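>>> coords please:
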Amino acid sequence: MKILDSGCSDGRLGAKIESLRHSVTGIDVIKLPKVEERVTEFFCVT
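Sure, this is the predicted structure:
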């Protein structure tokens, strides 16, 4: 399943969702450390 995590912060929730074998795309207005390591894809939107 593909999940969109809007306002993903540092991606910790996305990492938990990925551990359940889902694909997570994170979107946030700032890029916090390690967020790209925790989600499948990350987009910083300003």
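
>>> C-alpha only now, for contacts and for neighbours.
OK.

>>> Which helix runs longest in this protein?
The longest helix of the chain (DSSP state H) is helix 12-18.

>>> List the buried residues in that one.
13, 14, 15, 17, 18 (16 or more other Cα atoms under 10 Å).

>>> element containing the residue nearest the centre of the chain, please.
Residue closest to the mean C-alpha point of the chain, counted by Cα atoms, centre = their mean, is residue 26 at 3.2 Å. Residue 26 is part of strand 23-28, with elements assigned from DSSP states H and E.

>>> Partner strands of that strand and their direction?
Using DSSP bridges, the strands paired with strand 23-28 are strand 2-6 (parallel), strand 41-44 (parallel).

>>> out of these, which comes closest to residue 35?
strand 41-44 (7.4 Å; Cα to Cα).

>>> Tell me how far the residue nearest to the centre of the chain lies from residue 15.
Separation of residue 26 from residue 15 (Cα to Cα, to the nearest Å): 10 Å.

>>> shared neighbours of the two, anything?
Contact criterion Cα atoms under 8 Å, 6 or more residues apart in numbering; residues shared by residue 26 and residue 15: residue 39.

>>> which residues does residue 28 contact?
6, 7, 8, 9, 43, 44, 45.

>>> Next, count neighbours for the closest residue to it other than its chain neighbours.
Nearest residue to residue 28, sequence neighbours excluded (Cα to Cα, 6 or more residues apart in numbering): residue 7, at 4.6 Å. For residue 7, the neighbour count with other Cα atoms under 10 Å is 14.

>>> ok, now which ones touch residue 7?
26, 27, 28, 29.
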